[in-house]
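*Asks:* quick one, fold the following:
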Amino acid sequence: MVPVVHAPPRRASGERPVRPPPDRRVAVRRAAAVVGLIVGVVILAAVVRPFQPAREAFEVATVTRGSLQVTVELAGSIAARDARTLAFGSVGTVARVLVQEGDAVAAGALLAALDGAVQQAQLDAAEAAVASAEARLAVDRAGLTADQLASARDPVTQGERALTNARTSRADVVASNDQAVAVAQDTLDAASTKLAADQAGGADPATIAADQLAVTQARGALDAAKLRRTSAIHQADASVSSAAAALSAAKHAYAVRIAPANEALLAADEATLASARASATAARAALGLTELRAPIAGIVGSVGVAVGDRAGVGPSALATSTSAGTITVLDLTELRVNAAASEIDVVSLTLDQPTQVTLDALSDTVLEGRVCEIAGAGRSDAGVVAFPVTICLAHPDPRLRVGMSANASIVLASAEDTLVIPAQAIRTIAGRSVVEVVTIDGSTREAEVTLGISSGTRTQVLGGLNEGDRVALRPASRSGSGG
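*Replies:* Numbering: from 1, shown residues only. The predicted structure is shown next:
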(Lines give C-alpha, C1' and ligand atoms only; values in the text may rest on other atoms or scores of the structure.)
Protein backbone atom coordinates (compact mmCIF):
# COMPACT_ATOMS: atom_id res chain seq x y z
CA MET A 1 0.00 0.00 0.00
CA VAL A 2 1.31 3.37 -0.84
CA PRO A 3 1.23 5.74 2.14
CA VAL A 4 -0.89 8.76 1.85
CA VAL A 5 0.92 12.03 2.50
CA HIS A 6 -1.17 14.99 3.54
CA ALA A 7 0.22 18.32 2.51
CA PRO A 8 -0.23 21.28 4.84
CA PRO A 9 -3.11 23.48 3.98
CA ARG A 10 -2.23 26.35 1.82
CA ARG A 11 -3.09 29.77 2.96
CA ALA A 12 -4.57 32.33 0.72
CA SER A 13 -2.45 35.00 -0.74
CA GLY A 14 -1.89 37.88 1.73
CA GLU A 15 -3.05 35.90 4.87
CA ARG A 16 -0.88 36.48 8.13
CA PRO A 17 0.34 33.59 10.30
CA VAL A 18 -1.74 32.89 13.46
CA ARG A 19 -0.02 34.17 16.85
CA PRO A 20 -1.05 33.91 20.53
CA PRO A 21 -2.77 36.91 22.01
CA PRO A 22 -0.41 39.67 23.40
CA ASP A 23 -1.37 39.27 27.18
CA ARG A 24 -0.57 35.62 27.16
CA ARG A 25 2.89 36.26 25.70
CA VAL A 26 3.77 38.76 28.47
CA ALA A 27 2.67 36.41 31.23
CA VAL A 28 4.77 33.60 29.85
CA ARG A 29 7.85 35.82 29.65
CA ARG A 30 7.43 37.06 33.25
CA ALA A 31 7.00 33.55 34.61
CA ALA A 32 10.14 32.44 32.84
CA ALA A 33 12.07 35.38 34.29
CA VAL A 34 10.90 34.64 37.87
CA VAL A 35 11.79 30.98 37.59
CA GLY A 36 15.22 31.90 36.29
CA LEU A 37 15.81 34.32 39.15
CA ILE A 38 14.85 31.74 41.77
CA VAL A 39 17.08 29.13 40.23
CA GLY A 40 19.96 31.62 40.13
CA VAL A 41 19.58 32.53 43.79
CA VAL A 42 19.48 28.89 44.83
CA ILE A 43 22.58 28.13 42.79
CA LEU A 44 24.41 31.18 44.19
CA ALA A 45 23.54 30.25 47.77
CA ALA A 46 24.72 26.72 47.23
CA VAL A 47 28.01 27.99 45.83
CA VAL A 48 28.65 30.75 48.37
CA ARG A 49 27.51 29.03 51.66
CA PRO A 50 30.49 26.67 51.98
CA PHE A 51 32.79 29.74 52.02
CA GLN A 52 30.83 31.68 54.71
CA PRO A 53 31.23 30.56 58.39
CA ALA A 54 27.97 30.21 60.31
CA ARG A 55 27.42 32.89 62.97
CA GLU A 56 28.16 31.35 66.36
CA ALA A 57 25.33 31.49 68.92
CA PHE A 58 25.97 33.23 72.23
CA GLU A 59 24.14 34.65 75.19
CA VAL A 60 24.16 38.34 75.99
CA ALA A 61 24.67 39.99 79.40
CA THR A 62 24.24 43.65 80.27
CA VAL A 63 26.86 45.62 82.19
CA THR A 64 25.16 46.55 85.47
CA ARG A 65 26.05 48.66 88.48
CA GLY A 66 25.90 47.11 91.93
CA SER A 67 27.87 45.71 94.85
CA LEU A 68 30.35 42.82 94.85
CA GLN A 69 31.96 40.80 97.62
CA VAL A 70 34.79 38.27 97.55
CA THR A 71 34.31 35.77 100.38
CA VAL A 72 35.70 32.59 101.90
CA GLU A 73 33.07 30.17 103.17
CA LEU A 74 33.85 28.14 106.33
CA ALA A 75 31.79 25.66 108.32
CA GLY A 76 32.00 25.38 112.09
CA SER A 77 30.01 25.49 115.31
CA ILE A 78 29.09 27.92 118.09
CA ALA A 79 31.54 27.84 121.01
CA ALA A 80 31.99 29.66 124.31
CA ARG A 81 34.77 32.18 124.90
CA ASP A 82 36.26 29.72 127.37
CA ALA A 83 35.19 26.20 128.31
CA ARG A 84 36.70 24.18 131.15
CA THR A 85 36.00 20.49 131.71
CA LEU A 86 36.84 19.57 135.30
CA ALA A 87 37.60 16.11 136.72
CA PHE A 88 38.59 15.00 140.21
CA GLY A 89 42.32 14.63 140.77
CA SER A 90 41.97 11.66 143.13
CA VAL A 91 39.79 8.58 143.27
CA GLY A 92 36.89 8.40 145.67
CA THR A 93 33.16 8.46 146.25
CA VAL A 94 31.26 11.63 145.39
CA ALA A 95 29.91 13.08 148.63
CA ARG A 96 28.52 16.43 147.48
CA VAL A 97 27.28 17.96 144.21
CA LEU A 98 26.45 21.63 144.74
CA VAL A 99 25.47 22.77 141.22
CA GLN A 100 23.26 21.82 138.32
CA GLU A 101 23.24 22.69 134.61
CA GLY A 102 22.56 26.37 133.98
CA ASP A 103 23.79 27.62 137.37
CA ALA A 104 25.95 30.75 137.40
CA VAL A 105 29.16 30.29 139.39
CA ALA A 106 31.98 32.57 140.49
CA ALA A 107 35.65 31.75 140.01
CA GLY A 108 36.79 29.50 142.85
CA ALA A 109 33.28 28.32 143.76
CA LEU A 110 33.04 24.74 145.06
CA LEU A 111 31.10 22.61 142.57
CA ALA A 112 31.42 19.07 143.95
CA ALA A 113 33.53 17.09 146.40
CA LEU A 114 34.60 13.52 147.11
CA ASP A 115 34.58 11.99 150.57
CA GLY A 116 37.79 13.57 151.87
CA ALA A 117 37.77 12.41 155.51
CA VAL A 118 41.16 10.72 155.20
CA GLN A 119 42.76 13.70 153.47
CA GLN A 120 41.25 16.08 156.03
CA ALA A 121 42.69 14.04 158.91
CA GLN A 122 46.11 14.09 157.27
CA LEU A 123 45.88 17.85 156.85
CA ASP A 124 44.85 18.31 160.48
CA ALA A 125 47.86 16.30 161.64
CA ALA A 126 50.20 18.23 159.36
CA GLU A 127 48.89 21.57 160.60
CA ALA A 128 49.29 20.40 164.20
CA ALA A 129 52.90 19.53 163.46
CA VAL A 130 53.41 23.01 162.04
CA ALA A 131 51.94 24.59 165.18
CA SER A 132 54.20 22.46 167.36
CA ALA A 133 57.30 23.34 165.35
CA GLU A 134 56.43 27.03 165.50
CA ALA A 135 55.96 26.83 169.28
CA ARG A 136 59.25 25.02 169.73
CA LEU A 137 61.11 27.60 167.71
CA ALA A 138 59.48 30.44 169.64
CA VAL A 139 60.43 28.91 172.98
CA ASP A 140 63.99 28.27 171.93
CA ARG A 141 64.40 31.81 170.72
CA ALA A 142 62.93 33.44 173.87
CA GLY A 143 64.19 31.08 176.58
CA LEU A 144 62.24 30.38 179.83
CA THR A 145 61.66 32.66 182.78
CA ALA A 146 61.87 31.41 186.36
CA ASP A 147 58.12 30.85 186.51
CA GLN A 148 58.20 28.98 183.22
CA LEU A 149 61.01 26.79 184.48
CA ALA A 150 58.94 25.94 187.55
CA SER A 151 55.95 24.92 185.50
CA ALA A 152 57.89 23.37 182.63
CA ARG A 153 57.46 19.86 184.02
CA ASP A 154 53.65 20.01 184.05
CA PRO A 155 53.26 20.12 180.26
CA VAL A 156 55.58 17.14 179.97
CA THR A 157 53.44 15.13 182.39
CA GLN A 158 50.26 16.16 180.64
CA GLY A 159 51.79 15.38 177.27
CA GLU A 160 52.84 11.91 178.37
CA ARG A 161 49.33 11.24 179.69
CA ALA A 162 47.76 12.54 176.47
CA LEU A 163 50.08 10.41 174.33
CA THR A 164 49.28 7.31 176.41
CA ASN A 165 45.57 7.96 176.06
CA ALA A 166 45.92 8.53 172.30
CA ARG A 167 47.82 5.27 171.86
CA THR A 168 45.28 3.38 173.99
CA SER A 169 42.46 4.89 171.97
CA ARG A 170 44.20 3.89 168.75
CA ALA A 171 44.59 0.32 169.98
CA ASP A 172 40.88 0.23 170.82
CA VAL A 173 40.02 1.62 167.38
CA VAL A 174 42.19 -0.99 165.68
CA ALA A 175 40.74 -3.82 167.76
CA SER A 176 37.10 -2.83 167.26
CA ASN A 177 37.53 -2.26 163.54
CA ASP A 178 39.54 -5.46 163.10
CA GLN A 179 36.67 -7.31 164.78
CA ALA A 180 34.15 -5.63 162.47
CA VAL A 181 36.22 -6.57 159.43
CA ALA A 182 36.58 -10.14 160.72
CA VAL A 183 32.81 -10.45 161.23
CA ALA A 184 32.20 -9.09 157.74
CA GLN A 185 34.79 -11.52 156.34
CA ASP A 186 33.12 -14.43 158.17
CA THR A 187 29.75 -13.40 156.77
CA LEU A 188 31.20 -13.27 153.26
CA ASP A 189 32.91 -16.65 153.72
CA ALA A 190 29.67 -18.20 154.98
CA ALA A 191 27.68 -16.74 152.10
CA SER A 192 30.29 -17.93 149.58
CA THR A 193 30.33 -21.42 151.14
CA LYS A 194 26.54 -21.66 151.00
CA LEU A 195 26.52 -20.50 147.39
CA ALA A 196 29.12 -23.10 146.44
CA ALA A 197 27.24 -25.85 148.28
CA ASP A 198 23.90 -24.95 146.71
CA GLN A 199 25.47 -24.80 143.26
CA ALA A 200 27.11 -28.18 143.78
CA GLY A 201 23.87 -29.66 145.15
CA GLY A 202 21.81 -28.47 142.20
CA ALA A 203 19.62 -26.04 144.15
CA ASP A 204 16.83 -24.27 142.31
CA PRO A 205 17.58 -20.96 140.50
CA ALA A 206 15.75 -18.87 143.11
CA THR A 207 17.97 -20.25 145.86
CA ILE A 208 21.12 -19.70 143.78
CA ALA A 209 20.03 -16.11 143.04
CA ALA A 210 19.40 -15.47 146.74
CA ASP A 211 22.82 -16.92 147.57
CA GLN A 212 24.50 -14.71 144.97
CA LEU A 213 22.72 -11.64 146.33
CA ALA A 214 23.88 -12.56 149.83
CA VAL A 215 27.48 -12.86 148.58
CA THR A 216 27.26 -9.47 146.86
CA GLN A 217 25.83 -7.82 149.95
CA ALA A 218 28.42 -9.46 152.19
CA ARG A 219 31.24 -8.32 149.91
CA GLY A 220 29.89 -4.75 149.98
CA ALA A 221 29.66 -4.87 153.78
CA LEU A 222 33.26 -6.10 153.96
CA ASP A 223 34.49 -3.28 151.68
CA ALA A 224 32.62 -0.74 153.82
CA ALA A 225 34.08 -2.18 157.02
CA LYS A 226 37.60 -2.00 155.59
CA LEU A 227 37.04 1.61 154.50
CA ARG A 228 35.78 2.55 157.97
CA ARG A 229 38.78 0.80 159.53
CA THR A 230 41.21 2.73 157.32
CA SER A 231 39.55 6.07 158.05
CA ALA A 232 39.36 5.42 161.80
CA ILE A 233 43.01 4.36 161.99
CA HIS A 234 44.10 7.46 160.05
CA GLN A 235 42.23 9.66 162.51
CA ALA A 236 43.67 7.79 165.48
CA ASP A 237 47.16 8.09 164.01
CA ALA A 238 46.60 11.82 163.64
CA SER A 239 45.67 12.04 167.32
CA VAL A 240 48.76 10.06 168.32
CA SER A 241 50.96 12.25 166.11
CA SER A 242 49.46 15.40 167.59
CA ALA A 243 49.97 14.13 171.16
CA ALA A 244 53.52 13.03 170.40
CA ALA A 245 54.31 16.41 168.87
CA ALA A 246 52.89 18.20 171.91
CA LEU A 247 54.90 16.00 174.26
CA SER A 248 58.03 16.57 172.24
CA ALA A 249 57.51 20.31 172.48
CA ALA A 250 56.93 20.09 176.23
CA LYS A 251 60.06 17.99 176.74
CA HIS A 252 62.05 20.35 174.66
CA ALA A 253 60.80 23.33 176.66
CA TYR A 254 61.68 21.55 179.85
CA ALA A 255 65.16 20.75 178.57
CA VAL A 256 65.80 24.44 177.97
CA ARG A 257 66.10 24.82 181.75
CA ILE A 258 69.35 22.89 181.73
CA ALA A 259 70.40 23.38 178.11
CA PRO A 260 69.84 26.93 176.86
CA ALA A 261 69.22 27.32 173.15
CA ASN A 262 72.14 27.85 170.81
CA GLU A 263 72.49 28.62 167.10
CA ALA A 264 72.59 24.96 166.11
CA LEU A 265 69.40 24.23 168.04
CA LEU A 266 67.61 27.16 166.47
CA ALA A 267 68.72 26.02 163.02
CA ALA A 268 67.35 22.55 163.74
CA ASP A 269 64.06 24.08 164.90
CA GLU A 270 63.79 26.09 161.72
CA ALA A 271 64.46 22.99 159.60
CA THR A 272 61.79 21.07 161.50
CA LEU A 273 59.32 23.89 160.95
CA ALA A 274 60.10 24.05 157.23
CA SER A 275 59.56 20.29 156.90
CA ALA A 276 56.26 20.51 158.79
CA ARG A 277 55.05 23.32 156.57
CA ALA A 278 55.96 21.34 153.43
CA SER A 279 53.99 18.36 154.73
CA ALA A 280 51.02 20.62 155.44
CA THR A 281 51.19 22.05 151.91
CA ALA A 282 51.20 18.54 150.43
CA ALA A 283 48.28 17.49 152.64
CA ARG A 284 46.34 20.60 151.66
CA ALA A 285 46.97 19.83 147.98
CA ALA A 286 45.80 16.23 148.47
CA LEU A 287 42.58 17.52 150.03
CA GLY A 288 42.18 19.93 147.11
CA LEU A 289 42.23 17.00 144.67
CA THR A 290 38.99 15.78 146.24
CA GLU A 291 37.23 19.02 145.26
CA LEU A 292 36.06 20.49 141.98
CA ARG A 293 36.19 24.29 141.98
CA ALA A 294 35.31 26.63 139.13
CA PRO A 295 38.53 28.00 137.58
CA ILE A 296 36.55 30.76 135.84
CA ALA A 297 33.31 32.62 136.37
CA GLY A 298 30.57 31.36 134.07
CA ILE A 299 27.64 29.02 133.56
CA VAL A 300 27.60 25.32 134.40
CA GLY A 301 27.27 23.61 131.02
CA SER A 302 27.07 19.98 132.11
CA VAL A 303 27.18 17.92 135.30
CA GLY A 304 28.40 14.35 134.87
CA VAL A 305 28.66 13.37 138.55
CA ALA A 306 26.12 12.41 141.20
CA VAL A 307 26.32 11.71 144.92
CA GLY A 308 27.47 8.13 145.47
CA ASP A 309 29.30 7.84 142.13
CA ARG A 310 32.81 6.45 142.05
CA ALA A 311 34.85 9.16 140.35
CA GLY A 312 38.40 10.31 139.78
CA VAL A 313 41.40 9.73 137.54
CA GLY A 314 42.53 6.37 138.92
CA PRO A 315 41.84 2.85 137.57
CA SER A 316 38.84 2.42 139.86
CA ALA A 317 37.04 5.41 138.31
CA LEU A 318 35.15 3.86 135.41
CA ALA A 319 33.41 6.23 132.95
CA THR A 320 30.76 5.24 130.41
CA SER A 321 31.15 8.44 128.37
CA THR A 322 33.52 11.35 127.93
CA SER A 323 31.29 13.54 130.13
CA ALA A 324 30.95 11.04 132.99
CA GLY A 325 32.78 12.13 136.12
CA THR A 326 33.22 15.71 134.92
CA ILE A 327 31.64 19.14 135.26
CA THR A 328 31.89 21.74 132.48
CA VAL A 329 31.96 25.49 133.11
CA LEU A 330 31.39 27.86 130.16
CA ASP A 331 32.27 31.54 129.84
CA LEU A 332 29.37 32.85 127.73
CA THR A 333 30.32 36.52 127.91
CA GLU A 334 31.39 36.25 124.26
CA LEU A 335 30.18 33.56 121.85
CA ARG A 336 32.39 32.47 118.99
CA VAL A 337 32.40 30.28 115.91
CA ASN A 338 35.14 27.66 115.81
CA ALA A 339 35.80 26.79 112.17
CA ALA A 340 38.61 25.44 109.99
CA ALA A 341 40.12 26.81 106.77
CA SER A 342 41.97 24.91 104.07
CA GLU A 343 45.61 25.72 103.38
CA ILE A 344 44.47 27.51 100.20
CA ASP A 345 41.93 29.73 101.99
CA VAL A 346 43.92 30.46 105.16
CA VAL A 347 46.54 32.54 103.32
CA SER A 348 43.77 35.01 102.39
CA LEU A 349 42.62 35.50 105.98
CA THR A 350 43.70 38.27 108.35
CA LEU A 351 42.56 39.33 111.80
CA ASP A 352 39.50 41.61 112.07
CA GLN A 353 38.11 40.68 108.65
CA PRO A 354 34.31 41.23 108.70
CA THR A 355 32.28 38.04 108.71
CA GLN A 356 28.62 37.10 108.32
CA VAL A 357 27.43 34.01 110.17
CA THR A 358 24.30 31.98 109.43
CA LEU A 359 22.94 28.98 111.28
CA ASP A 360 20.86 26.02 110.18
CA ALA A 361 18.83 26.26 113.39
CA LEU A 362 18.10 30.00 112.91
CA SER A 363 17.61 30.35 109.17
CA ASP A 364 16.10 33.83 109.53
CA THR A 365 19.16 35.25 111.31
CA VAL A 366 22.43 36.68 109.97
CA LEU A 367 25.00 37.52 112.65
CA GLU A 368 27.89 39.94 112.25
CA GLY A 369 31.36 39.06 113.48
CA ARG A 370 35.08 39.35 112.85
CA VAL A 371 38.04 37.02 112.53
CA CYS A 372 39.70 37.11 115.96
CA GLU A 373 42.05 34.10 115.90
CA ILE A 374 43.93 32.26 113.14
CA ALA A 375 45.99 29.23 114.14
CA GLY A 376 49.65 29.36 113.25
CA ALA A 377 49.83 25.60 112.70
CA GLY A 378 47.47 23.30 110.85
CA ARG A 379 45.96 20.02 111.95
CA SER A 380 46.12 17.00 109.68
CA ASP A 381 43.19 14.60 109.42
CA ALA A 382 43.41 11.73 106.93
CA GLY A 383 46.07 13.65 105.02
CA VAL A 384 43.99 16.85 104.76
CA VAL A 385 45.44 19.87 106.56
CA ALA A 386 43.04 22.39 108.12
CA PHE A 387 43.81 25.54 110.10
CA PRO A 388 41.57 26.44 113.07
CA VAL A 389 39.94 29.86 112.68
CA THR A 390 37.92 31.64 115.38
CA ILE A 391 35.22 34.22 114.60
CA CYS A 392 34.01 36.48 117.44
CA LEU A 393 30.35 37.46 117.21
CA ALA A 394 29.52 41.14 117.76
CA HIS A 395 25.93 40.82 118.98
CA PRO A 396 25.04 37.18 119.71
CA ASP A 397 21.40 36.15 119.44
CA PRO A 398 20.04 34.98 122.83
CA ARG A 399 18.73 31.86 121.10
CA LEU A 400 22.26 30.65 120.33
CA ARG A 401 23.44 27.48 122.03
CA VAL A 402 26.97 26.13 122.26
CA GLY A 403 27.46 23.38 119.69
CA MET A 404 25.04 24.72 117.04
CA SER A 405 26.25 24.30 113.44
CA ALA A 406 27.29 27.60 111.84
CA ASN A 407 28.40 28.79 108.42
CA ALA A 408 30.78 31.74 108.23
CA SER A 409 31.22 33.96 105.17
CA ILE A 410 34.45 35.94 105.60
CA VAL A 411 34.63 39.07 103.42
CA LEU A 412 38.07 39.30 101.77
CA ALA A 413 37.24 42.33 99.57
CA SER A 414 34.15 44.34 98.61
CA ALA A 415 33.09 47.09 96.23
CA GLU A 416 29.94 49.22 96.21
CA ASP A 417 28.25 51.03 93.29
CA THR A 418 30.61 49.49 90.76
CA LEU A 419 30.28 48.03 87.25
CA VAL A 420 29.89 44.26 87.25
CA ILE A 421 29.84 41.65 84.46
CA PRO A 422 29.74 37.84 84.46
CA ALA A 423 33.23 36.34 84.64
CA GLN A 424 32.25 34.13 81.69
CA ALA A 425 32.37 37.18 79.40
CA ILE A 426 36.10 37.76 80.00
CA ARG A 427 38.93 36.30 77.96
CA THR A 428 42.66 36.71 78.40
CA ILE A 429 44.62 37.29 75.19
CA ALA A 430 48.36 37.97 75.31
CA GLY A 431 48.08 39.13 78.90
CA ARG A 432 45.16 41.47 78.15
CA SER A 433 41.64 41.10 79.53
CA VAL A 434 39.10 41.51 76.74
CA VAL A 435 35.36 41.14 76.19
CA GLU A 436 33.16 41.05 73.11
CA VAL A 437 30.80 44.02 73.05
CA VAL A 438 27.53 43.29 71.22
CA THR A 439 26.58 46.15 68.86
CA ILE A 440 23.09 47.28 67.87
CA ASP A 441 23.05 45.14 64.70
CA GLY A 442 24.01 42.01 66.67
CA SER A 443 27.63 41.87 65.61
CA THR A 444 30.46 41.95 68.15
CA ARG A 445 33.62 43.98 68.60
CA GLU A 446 36.54 43.25 70.90
CA ALA A 447 37.17 45.66 73.80
CA GLU A 448 40.01 45.65 76.32
CA VAL A 449 38.87 46.06 79.93
CA THR A 450 40.49 46.84 83.29
CA LEU A 451 39.31 44.46 86.00
CA GLY A 452 39.02 44.70 89.77
CA ILE A 453 37.96 42.08 92.29
CA SER A 454 36.18 38.88 91.30
CA SER A 455 33.94 36.50 93.20
CA GLY A 456 34.57 33.74 90.69
CA THR A 457 31.24 34.19 88.90
CA ARG A 458 31.05 38.01 88.80
CA THR A 459 33.89 40.46 88.14
CA GLN A 460 34.32 44.17 88.79
CA VAL A 461 35.07 46.35 85.73
CA LEU A 462 37.20 49.44 86.41
CA GLY A 463 37.50 50.63 82.81
CA GLY A 464 36.68 49.83 79.18
CA LEU A 465 32.89 49.44 79.52
CA ASN A 466 29.91 51.59 80.41
CA GLU A 467 26.75 50.77 82.29
CA GLY A 468 24.20 49.34 79.89
CA ASP A 469 26.76 47.92 77.43
CA ARG A 470 26.03 44.40 76.29
CA VAL A 471 28.69 41.70 76.25
CA ALA A 472 28.75 38.23 74.72
CA LEU A 473 28.83 35.14 76.89
CA ARG A 474 30.62 32.48 74.90
CA PRO A 475 30.66 28.78 75.82
CA ALA A 476 33.63 27.71 77.90
CA SER A 477 35.45 26.25 74.88
CA ARG A 478 35.22 29.61 73.06
CA SER A 479 35.70 32.05 75.91
CA GLY A 480 39.30 31.18 76.62
CA SER A 481 40.85 32.04 79.94
CA GLY A 482 38.38 33.89 82.15
CA GLY A 483 39.17 36.81 84.42
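
*Asks:* enumerate every residue touching I327.
*Replies:* By C-beta atoms under 8 Å, 6 or more residues apart in numbering, the contact list for I327 reads T85, L86, V99, L111, A112, L292, V300, S302, V303, G304, V305. Where C-beta positions appear, they are placed from N, C-alpha and C, glycine not excepted.

*Asks:* packing partners for whatever helix or strand D178 lives in?
*Replies:* Remark: D178 resides in helix 153-200, with elements defined by DSSP states H and E. Helix 153-200 sits against helix 205-255, with contacts defined as 3 or more C-beta pairs under 8 Å, 6 or more residues apart in numbering; DSSP states H and E.

*Asks:* report the residue ranges of every domain in this protein.
*Replies:* Following automatic domain parsing, one gets these domains for the chain: 82-115+291-331, 117-288, 336-479.

*Asks:* now do the second one, average pLDDT.
*Replies:* To tie it back to what came earlier, the one meant is domain 117-288. Across domain 117-288, pLDDT averages out at 87.

*Asks:* what's the span of it, first residue to last?
*Replies:* End-to-end distance for domain 117-288: 12 Å, by C-alpha to C-alpha, to the nearest Å.

*Asks:* and stretch 437-448, by the same measure?
*Replies:* 10 Å.

*Asks:* and what of stretch 88-100?
*Replies:* Terminal residues of stretch 88-100 lie 17 Å apart, using C-alpha to C-alpha.

*Asks:* buried stuff in that stretch?
*Replies:* By neighbour count on 16 or more other C-beta atoms under 10 Å, the buried set for stretch 88-100 is F88, G89, S90, V91, G92, V94, V97, V99.

*Asks:* what do you get for stretch 289-302?
*Replies:* The neighbour-count check on stretch 289-302 (16+ other C-beta under 10 Å) flags L289, T290, E291, L292, R293, A294, I296, G298, I299, V300, G301 as buried.

*Asks:* which residues touch the closest residue to Q424 other than its chain neighbours?
*Replies:* Nearest-residue entry for Q424: L473, 5.0 Å, with adjacent residues in sequence omitted and distances by C-beta to C-beta, 6 or more residues apart in numbering. Remark: with contacts taken as C-beta under 8 Å, 6+ apart, L473 is in contact with F58, E59, V60, A61, P422, Q424, A425, S479.

*Asks:* tell me which of those has the lowest pLDDT.
*Replies:* Comparing the contacts of L473 by pLDDT, S479 comes last, at 46.

*Asks:* now do R277 against V130, distance only.
*Replies:* Here R277 is placed at a distance of 5 Å from V130 (C-beta to C-beta, to the nearest Å).

*Asks:* more neighbours: which of the two?
*Replies:* Between R277 and V130, counted using other C-beta atoms under 10 Å, V130 has the larger neighbour count: 21 against 16.

*Asks:* any idea which element that one lies in?
*Replies:* Here V130 is covered by helix 117-142, with elements defined by DSSP H and E.

*Asks:* kindly report the same for C392.
*Replies:* Assigned by DSSP H and E, C392 falls within strand 384-393.

*Asks:* in that strand, which residues are buried?
*Replies:* So, applying 16+ other C-beta under 10 Å, buried residues of strand 384-393: A386, F387, P388, V389, T390, I391, C392, L393.

*Asks:* and that strand, average pLDDT?
*Replies:* 92.

*Asks:* S363: how many residues sit nearby?
*Replies:* Neighbour count of S363, defined by other C-beta under 10 Å: 8.

*Asks:* quick one: it is in a strand?
*Replies:* No - if the criterion is DSSP: H, G, I helix; E, B strand; the rest coil, then S363 is coil and not within a strand.

*Asks:* distance-wise, check it relative to V402.
*Replies:* Using C-beta to C-beta, S363 is found at 19 Å from V402.

*Asks:* same question, A249
*Replies:* Distance, A249 to V402, using C-beta to C-beta: 56 Å.
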